[in-house]
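Trainee: Need the 3D shape of this:
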Amino acid sequence: MDKIFVRDLTVMTVIGTRPDERLAVRPLLLNLVMECDLAPAGFSDDLFKSVNYQAVAQDLLDFGRDNSFLLIEAFAENAAALLLKKYDLIQAVTITVDKPHAIGSAASVAVEITRKRA
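Mentor: Numbers count the residues shown, from 1 in each chain. Next comes the predicted model:
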């Protein structure tokens, strides 16, 4: 299966379980792998036969702005569901969500999930 990658997308959202984390937005770093058939777009040079990654990025930025979660696991799960619901060409999506400075001795903590179209 062909793949589209979106790397290091910074999404601002309210995330975390501690009371101080619930007071302000903070960045999450997203990396996506969207599996889809890119041959029709490649042969036709037609954006409408591909997944518009600019639209995907904007949807995730809006999603972060409009929602809050306690867990990065929940953010990832809901973001994957959004993409699979909205973009028919995506057959599977892998999302890695990094939460920078979640613990003091690490640059970030991350989860990665893969979800497939039913």
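Trainee: Okay, and the beta partners of the nearest residue to Leu38 once chain neighbours are set aside?
Mentor: In space, and not counting its chain neighbours, Leu38 is closest to Asp2: 3.9 Å by C-beta to C-beta, 6 or more residues apart in numbering. In short, each C-beta sits where N, CA and C put it, glycine included. As for beta bridges, Asp2 partners with Cys36 under DSSP bridges.
Trainee: surely Asp2 meets Cys36?
Mentor: Yes. Asp2 is within contact range of Cys36, at 6.1 Å (criterion: C-beta atoms under 8 Å).
Trainee: Settle it for me: which of these two has more neighbours?
Mentor: Under the neighbour definition other C-beta atoms under 10 Å, Asp2 and Cys36 were set side by side, and Cys36 has more, 21 against 13.
Trainee: Please report the confidence value the model assigns to the more buried one.
Mentor: Turning to Cys36, the model gives it a pLDDT of 98.
Trainee: which ones are touching it?
Mentor: Residues in contact with Cys36, defined by C-beta atoms under 8 Å, 6 or more residues apart in numbering, are 1-4, 50-51, 89-91.
Trainee: could you measure it against Phe75, distance?
Mentor: 22 Å (C-beta to C-beta, to the nearest Å).
Trainee: same for the helix or strand harbouring Thr114, what does it pack against?
Mentor: Assigned by DSSP states H and E, Thr114 falls within strand 108-116. Counting by 3 or more C-beta pairs under 8 Å, 6 or more residues apart in numbering; DSSP states H and E, the packing neighbours recorded for strand 108-116 are helix 72-86, strand 92-100.
Trainee: circling back to that earlier point, would you enumerate the residues in contact with the residue nearest to Leu38?
Mentor: Here Asp2 is in contact with 35-39 (criterion: C-beta under 8 Å, 6+ apart).
Trainee: State the distance from it to Phe63.
Mentor: 24 Å.
Trainee: one step back: so of the contacts of Asp2, which two are at opposite extremes in space?
Mentor: Glu35 and Ala39 (13.1 Å; C-beta to C-beta).
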